[in-house]
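> no sequence on this one, just coordinates:
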């Protein structure tokens, strides 16, 4: 019968879908019984192969103290953070440290600048005090001269009226006029600051004209400029002698020239600019009127400078000459000039 049941496809299908409930009939004790009327009676479902069990695992299943089943307690560890969080915080700390160092360096630089400005301010205050004292002395001399001049005029009038003493008074007045003339010349010189200019480093071009190099700092070269070859930038800068101040404290106009020492024309790598005048080249002259100040500015001649050549790779060549500032044929001052031509700007 069991064999017949296995051949019953419908029964096999019911076993697959319904399980043991497909087994019929059962007695009151729930045991399947055989009935000739039912093809499925007496059939039981079960495994044909007896399973094997792991005895050690079975023992563990009834052991209430199994280590594998006891939950592990979390060990006490020191307070830590994720490495990613630590690295981010460390990067922020390093960035802030760099910022603090940069700000400290900037602060030190600003403090140095403040100290330098304080020193400059003190020096300027001392110069102002000196100029104030000089002005007071000049004012006193001017008052004295004016009083003396008024007295001389009164004496002159009295001398004209006193014809009996004309010869004697004429000699006296001549000497007095010469003295007054000298005092007036001295006063004019003081008023235009000639003495102060010479004391400050200006050169005396003539008895009434002084010239002052406003850009000193070239060492032995009063006119000093630097340049690189044309492909690297051409003319760079004047280190000294870019501007000159010419003061005429006399009563007559003076004619000034910038020429070479041999008189053939001044150094070809620069020309000069005079306010209210066209550019002056080739040693031409210009006029400084009486009682005026003229600022002369040197201007580089790019074409001439670009034609100069340095020497070797990364080396420089110096082009030296002497420039003469002249008034007439006898009054002059010589200045040493240098043009330094290099191949690279970093070599200047």
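Thanks, I have the structure now. None of these values were measured; they are calculated from a predicted model. Numbering: from 1, shown residues only.

> Residue 252 and residue 180: what is the separation?
19 Å (C-beta to C-beta, to the nearest Å). Quick note: C-beta positions are derived from backbone N, CA and C, even for glycine.

> Comparing the two, which shows the higher neighbour count?
Counted by other C-beta atoms under 10 Å, residue 252 and residue 180 do not tie: residue 180 has more neighbours, with 15 against 9.

> element containing the more buried one?
helix 166-191 (DSSP states H and E).

> could you give me the average pLDDT of that helix?
Helix 166-191 shows a mean pLDDT of 70.

> Residue 337: which element?
Per DSSP H and E, residue 337 falls inside strand 331-342.

> Tell me which residues of that strand come out buried.
331, 333, 335, 336, 337, 338, 339, 340, 341, 342 (16 or more other C-beta atoms under 10 Å).

> how about these, which pair is most distant?
With C-beta to C-beta as the measure, no two of the buried residues of strand 331-342 lie farther apart than 331 and 342, at 36.8 Å.

> ok, the buried residues of strand 331-342 vs residue 81, which is closest?
Closest to residue 81, out of all of the buried residues of strand 331-342 and judged by C-beta to C-beta, is residue 342, at 57.9 Å.

> Now the closest one. Nearest residue, chain neighbours left out?
residue 316 (4.2 Å; C-beta to C-beta, 6 or more residues apart in numbering).

> looking at it, that neighbour is touching residue 339, isn't it?
No - counting by C-beta atoms under 8 Å, residue 316 does not reach residue 339; the two are 10.3 Å apart.

> State the helix or strand in which the nearest residue to residue 328 once chain neighbours are set aside lies.
Distance criterion C-beta to C-beta, 6+ apart; nearest residue to residue 328, sequence neighbours excluded, is residue 255 at 7.5 Å. Using DSSP H and E, residue 255 sits within strand 254-260.

> And whatever helix or strand comes next after that strand, what does it pack against?
Counting by DSSP H and E, the next helix or strand C-terminal to strand 254-260 is strand 270-273. Under the contact definition 3 or more C-beta pairs under 8 Å, 6 or more residues apart in numbering; DSSP states H and E, strand 270-273 sits against strand 293-300.

> Pull the residues that contact the strand it packs on.
If you take C-beta atoms under 8 Å, 6 or more residues apart in numbering as the criterion, strand 293-300 is touched by 214, 223, 225, 227, 235, 238, 241-248, 258, 269-275, 279, 286, 288.

> What of stretch 319-338?
By C-beta under 8 Å, 6+ apart, stretch 319-338 touches 203, 205-206, 209, 211, 213, 218, 220-225, 241, 244, 254-261, 263, 266-267, 269, 308, 318, 339-341.

> Give the buried subset of these as a ChimeraX selection command.
The command below creates a ChimeraX selection of those among the contacts of stretch 319-338 that count as buried (16+ other C-beta under 10 Å):
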select :203,205,206,209,211,213,218,221,222,223,224,225,241,244,254,256,257,258,259,260,266,267,269,308,339,340,341
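
> Give me the phi and psi angles of residue 330.
phi -110, psi -40 (degrees, to the nearest 10).

> Next, work out how far apart it and residue 213 are.
Residue 330 sits 22 Å away from residue 213, taking C-beta to C-beta as the criterion.

> likewise residue 338?
Counting by C-beta to C-beta, the gap from residue 338 to residue 213 is 14 Å.

> Tell me which residues of stretch 291-300 come out buried.
291, 293, 294, 296, 297, 298, 300.

> quick one, helices of the protein?
For the chain, applying DSSP state H gives helices covering 2-7, 9-18, 55-62, 83-161, 166-191, 194-199, 302-307.

> And those, which one averages the lowest pLDDT?
By mean pLDDT, the lowest-scoring of the helices of the chain turns out to be helix 2-7, with a mean of 49.

> quick revisit: can you add distance to residue 77 and give the helices of the chain back as JSON lines?
Formatted as JSON lines, these follow (distance: least, C-beta to C-beta, whole Å):
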{"stretch": "helix 2-7", "distance to residue 77": "64"}
{"stretch": "helix 9-18", "distance to residue 77": "55"}
{"stretch": "helix 55-62", "distance to residue 77": "31"}
{"stretch": "helix 83-161", "distance to residue 77": "15"}
{"stretch": "helix 166-191", "distance to residue 77": "92"}
{"stretch": "helix 194-199", "distance to residue 77": "83"}
{"stretch": "helix 302-307", "distance to residue 77": "76"}
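
> What residues are recorded as beta-bridge partners of residue 288?
Residue 288 has these beta-bridge partners by DSSP bridges: residue 254.

> Which pLDDT does the model give it?
pLDDT recorded at residue 288 is 87.

> My understanding was that it contacts residue 254; is that so?
Yes - between residue 288 and residue 254 a contact is recorded at 5.1 Å, counting by C-beta under 8 Å.

> what do those two both touch?
209, 248.

> Just give the nearest non-adjacent residue to residue 208, would you?
Nearest non-adjacent residue to residue 208, counting by C-beta to C-beta, 6+ apart: residue 250, 2.9 Å away.

> any low-confidence regions in the stretch 201-348 of the chain?
Scanning the stretch 201-348 of the chain for pLDDT under 70 picks out the ranges 201, 232, 261-267, 275-284, 312-314, 344-348.
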